[in-house]
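Asker: Generate coordinates for the sequence data below:
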Amino acid sequence: MPGGRLTQSERQQIALGLADGLAYAEIARQLDRPTSTVTREVMRNGGPTGYRADLAHRATEHRAHRRRQATAPREARTPGQTHGRDSEAVRQYEEVFTTLLMQQGLPKMMSRVLTCLFVTDEGSLTAAELVERLQVSPASISKSVAFLETQGLIRRVRDERRRERYLVDNDVWYQSMIAAAHSNAALAETARQGVNVLGPDTPAAVRLENIARFVDFVSESIFRAAEQARDILYTEPPQALDGQDEEKPE
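Answerer: Numbers count the residues shown, from 1 in each chain. From the prediction side, this is the model:
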């Protein structure tokens, strides 16, 4: 019988078994694991209806890292400082943010890339910098940024050295919200097409019409809120004006 921690592959098998409605004991037999191992794994990671293999695996890695930190010699655990920040606190925050994005449906690698860009003061990084920071392959970064671009969550720019950089800024977030509103509007339009197909007086048509009205209302609210937010809520970090020195008191 295999021992040790569950692998990511085993967690994926657990997720598939739960989706198929299998009992814990049956899933355990397929994995050649004790039933108690599967039961504990599921219950500590969202339960039978909320279990996700990638999030469960990430949570386990995070717990293991914290245990290693707790048992490491104090001098080895002293975090480095950047801009007065606690490096370990920043790392833990990145874990929290990444996990949140994954819970909202974004794949793991894309969540890591987006979080990395969010917490970078510059708000932009090259592919090589992302590879170095996340310690992953260039192919993983290429796939992730391509996906994030299609979702309107990042944009590609060129710096003064003609290098491609991946950027998150106020306008990217605004464009992402507008894209979501357009997507909802398309859903409403498609739902209304079904009203004519199914007949305006049928229960199915009434359901679709209610969906369309609700989504229309929400989409219009998103459009208005995004425009207002862009105009009045955004703030810029303090920075010196190019080519100008601050006035010094005489």
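
Asker: alpha carbons only for contacts and neighbour counts from here, please
Answerer: Will do.

Asker: Stretch 9-29: end-to-end distance?
Answerer: Its start and end residues considered, stretch 9-29 measures 15 Å (Cα to Cα, to the nearest Å).

Asker: Give me the contact list for that stretch.
Answerer: For stretch 9-29, the external contacting residues (Cα atoms under 8 Å, 6 or more residues apart in numbering) are 31, 34-35, 37-39, 48-49, 51-54, 56-57.

Asker: mind giving me the domain ranges of this protein?
Answerer: For the chain, automatic domain parsing gives the domain ranges 8-69, 81-167, 170-232.

Asker: Measure how far the second one is from the centre of its chain, please.
Answerer: Centroid separation between domain 81-167 and its chain, computed with Cα atoms, centre = their mean, to the nearest Å, is 10 Å.

Asker: quick one: average pLDDT of that domain?
Answerer: Mean per-residue pLDDT for domain 81-167: 88.

Asker: before we move on, what about stretch 56-74?
Answerer: 64.

Asker: ok, for the spatially most central residue of the chain, nearest residue in space, not its chain neighbours?
Answerer: Nearest to the mean C-alpha position of the chain, by Cα atoms, centre = their mean, lies Leu101 at 2.4 Å. Using Cα to Cα, 6 or more residues apart in numbering and skipping the chain neighbours, the partner closest in space to Leu101 is Ser111 (5.7 Å).

Asker: Need phi/psi at that neighbour.
Answerer: phi -60, psi -40 (degrees, to the nearest 10).

Asker: and what of Asp86?
Answerer: Main-chain dihedrals, Asp86, degrees, to the nearest 10: phi -90, psi 110.

Asker: Quickly list what it is bridged to.
Answerer: Going by DSSP bridges, Asp86 is paired in beta bridges with Gln81.

Asker: so Ile222 makes contact with His182?
Answerer: No - using Cα atoms under 8 Å as the test, Ile222 is too far from His182 to be in contact (9.6 Å).

Asker: Give me the neighbour count for Gln13.
Answerer: 17 (other Cα atoms under 10 Å).

Asker: and it, what element?
Answerer: helix 8-19 (DSSP states H and E).

Asker: Buried residues, that helix. List them.
Answerer: 10-15, 17-18 (16 or more other Cα atoms under 10 Å).

Asker: returning to what we had before: can you tell me which of the contacts of stretch 9-29 are buried?
Answerer: By neighbour count, with 16+ other Cα under 10 Å, those hold 31, 34-35, 38-39, 48, 51-54, 56-57 as buried.
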